[in-house]
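# Just to be clear, the model below is a prediction. Sequence and coordinates:
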Amino acid sequence: MSLDNSAAATVIDAVLCGKVVDFTRPGSRSAIAKQPVSAAVVVGKLGLSGDEQGDLRVHGGPDKAVHHYPHDHYAGWRADIGAHPLLEAPGAFGENLSSTGLTEGDVCLGDRFRLGTALVEVSQSRQPCWKLSDRFQRVDMARRVQDSGRTGWYYRVLEEGRLEVGDRLELTDRPYPQWPLSRIIEVLYQRTLEPAVLADILRLPLVPSWRSLFERRQQHGQTESWNKRLTGLADSH
C-alpha cells in the first residue's frame with residue numbers, strides 16, 4: 001500500500017481525552033489516563049475540547065495539540081512485554097487518537113491531514129518520558145518506546161474543526177516525502193551525530209526545541225543526555 005493510500009484509508013477508531021490528576025510521584029500530575037469519548041469534540045489550537053495536560057512545560061501547546069498513537073503497535077507491545085491490562089484498549093500511551101493502518105513509516109514531518117473538519121499538520125514525533133514507565137509499572141518502558149521507534153506523533157492545528165469516532169484522516173499535502181517520522185526517529189536516537197544528516201534535518205521546519213537540540217549536536221559533537229526525560233531523575237555528577 002502506498003503512503004498516500006494508507007493515509008486516505010485511515011479511519012479514527014477512538015478519540016480519547018483526559019483530566020489532570022495526581023500521578024505516581026510526589027508533586028507529579030498527569031492526564032495520561034485518557035478515556036474514549038463518543039460525542040463529537042472540538043479540535044482547537046491547543047487540543048481537543050475536554051482534554052488536559054499535566055505538565056505544560058513538556059506537554060501540550062500548539063505544537064503538541066493532538067497526540068496520535070497507532071493501534072497497530074499494540075500487538076507488538078504484547079509480544080514484547082506480555083499481556084498487560086493497559087494494552088486491552090486504546091489509550092495505553094496517553095493518545096488522543098487511535099487508528100489502524102498508519103504508522104511512523106507512513107507519516108512524514110509536515111504532512112497535512114483533514115481530521116474530521118479540522119486541518120492538522122504533523123509537527124513532531126513523541127519523545128517518551130518516565131510517565132510511561134510509571135504508568136506501565138515497568139522501569140524500562142519509556143526507553144523501550146524510544147528504542148522501538150513506536151513513539152506516535154503530534155499534530156498542530158492549522159484550522160479548527162470538529163471530530164468524532166469514525167471520521168477519516170485524509171492526507172492533503174506532503175511537502176517532505178523524504179522525511180518519514182521513522183527516519184527522524186532514527187536521527188534522534190541512533191544516527192545522532194552524523195554531520196551530513198544533521199545538516200539535512202536542520203533544513204526542515206523543525207519545532208524550536210528540536211532545532212536547538214540538533215544545533216547543539218552539530219556545534220558540540222555530543223549527544224544530549226536522555227536520562228532525566230526517561231527516568232525523571234537528574235544525571236549524577
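Arrived safely. Numbers count the residues shown, from 1 in each chain.
# packing partners for the top helix by length along the chain?
For the chain, the longest helix by residue count, based on DSSP state H, is helix 208-220. Helices and strands touching helix 208-220, by 3 or more Cβ pairs under 8 Å, 6 or more residues apart in numbering; DSSP states H and E, are helix 195-201. The C-beta positions use only the backbone N, C-alpha and C, and glycine is treated the same way.
# Run through the residues that contact V37.
Contact analysis of V37 by Cβ atoms under 8 Å, 6 or more residues apart in numbering lists V15, L16, C17, G50.
# just checking, T192 touches R216?
No: at 11.1 Å, T192 does not count as touching R216 under the criterion of Cβ atoms under 8 Å.
# quick one: which of these two has more around it?
T192 (16 against 13; other Cβ atoms under 10 Å).
# which residues does that one contact?
R217, T223.
# quick one: pLDDT of it?
T192 is assigned a pLDDT of 97 by the prediction.
# Using the three-state scheme, assign it.
Following DSSP: H, G, I helix; E, B strand; the rest coil, we place T192 in the coil state.
# Can you name the residues bridging to the closest residue in space to G50 that isn't next to it in sequence?
Counting by Cβ to Cβ, 6 or more residues apart in numbering, C17 is the residue found nearest to G50 once chain neighbours are left out, at 4.4 Å. Note on C17: beta-bridge partners by DSSP bridges are Q35.
# so how far is N96 from C17?
Computed with Cβ to Cβ, to the nearest Å, the distance linking C17 and N96 is 7 Å.
# Now do the shared contacts for the two.
By Cβ under 8 Å, 6+ apart, the residues touching both C17 and N96 are K34, L48, D51.
# circling back: count the residues that sit near the residue nearest to G50.
Using other Cβ under 10 Å, the number of residues around C17 comes to 18.
# Now for it: which residues touch it?
For C17, the contact set (Cβ under 8 Å, 6+ apart) comprises K34, Q35, V37, V41, L48, S49, G50, D51, E52, N96.
# my hunch is that F113 is in a strand, does that hold up?
Yes: per three-state DSSP, F113 lies within a strand segment.
# Roughly how far does the residue most central in space within the chain sit from R112?
The centroid of the chain falls nearest to W153 when counting by Cα atoms, centre = their mean (2.7 Å). From W153 across to R112, the span is 13 Å (Cβ to Cβ).
# For the closest residue to L109 other than its chain neighbours, the count of nearby residues, please.
Sequence neighbours aside, W179 is the residue nearest to L109 in space, at 4.8 Å (criterion: Cβ to Cβ, 6+ apart). Neighbours of W179 under the rule other Cβ under 10 Å: 20.
# same deal with the one 4 residues further on?
Applying the criterion other Cβ under 10 Å, we find 19 residues in the vicinity of R183.
# Please apply the same query to L109.
25.
# all strands of the protein, in order?
10-17, 21-22, 29-30, 35-36, 41-44, 47-48, 66-70, 97-99, 112-115, 118-125, 153-159, 161-163, 168-173 (DSSP state E).
# Can you list the helices and strands that the fourth one packs against?
If I follow you right, that is strand 35-36. Strand 35-36 packs on strand 10-17, going by 3+ Cβ pairs under 8 Å, 6+ apart.
# Tell me what angle the strand it packs on forms with strand 168-173.
On the basis of axes from the mean of the first three to the mean of the last three Cα atoms, to 10 degrees, strand 10-17 is oriented at 110 degrees to strand 168-173.
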